[in-house]
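J.: only geometry, no sequence info:
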């Protein structure tokens with residue numbers, strides 16, 4: 001399960017529908033607007049810019065490098081997305097029709113460890129780089 005906490009719930013839902021199933025493997029998801037309190041040990045939480053989440057339990061939290069992470073307990077892994085080499089997920093190339101996403105270090109996933117890798121994906125109108133990076137990370141966390 002993917003939980004998306006965003007500023008505009010309808011826009012987040014439309015993006016998720018494009019990402020999960022069209023570009024990345026289909027995932028169940030829920031969208032919360034602006035703020036959420038989450039206690040779901042097997043869920044992946046995506047926190048979009050200007051939203052916050054108080055995490056009690058989760059498989060992982062995905063946020064942009066400038067994100068408002070809120071409060072969450074020790075042991076919940078934070079996966080940052082951005083162009084800084086210290087980010088967990090980034091992209092190595094972007095053209096009009098392709099984006100190459102990169103997992104820069106190993107992460108604990110639902111069924112094991114996801115090792116560093118790159119994955120090309122098709123570019124779809126209405127999505128930004130963070131959308132691709134966060135969906136890529138969520139797919140890895142839930143698939144492995």
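T.: Yep, that arrived. These figures come from a predicted structure and were not determined experimentally.

J.: Show me the strands in this structure, by range?
T.: 2-6, 29-33, 35-39, 44-47, 52-57, 60-64, 77-81, 89-94, 98-103, 107-109, 112-114, 117-122 (DSSP state E).

J.: tally of neighbours for the closest residue to residue 37 other than its chain neighbours?
T.: If the residues on either side of it in the chain are set aside, residue 37 comes closest to residue 54, at 4.6 Å by Cβ to Cβ, 6 or more residues apart in numbering. Bear in mind the C-beta positions are built from the backbone N, C-alpha and C, glycine included. Residues contacting residue 54 under the criterion other Cβ atoms under 10 Å number 14.

J.: Repeat that for residue 13.
T.: Residue neighbour count, defined by other Cβ under 10 Å, stands at 14 for residue 13.

J.: report the longest helix in the protein, please.
T.: Longest helix in the chain by number of residues (criterion: DSSP state H): helix 129-143.

J.: how big is the angle separating that helix from strand 29-33?
T.: 140 degrees (axes from the mean of the first three to the mean of the last three Cα atoms, to 10 degrees).
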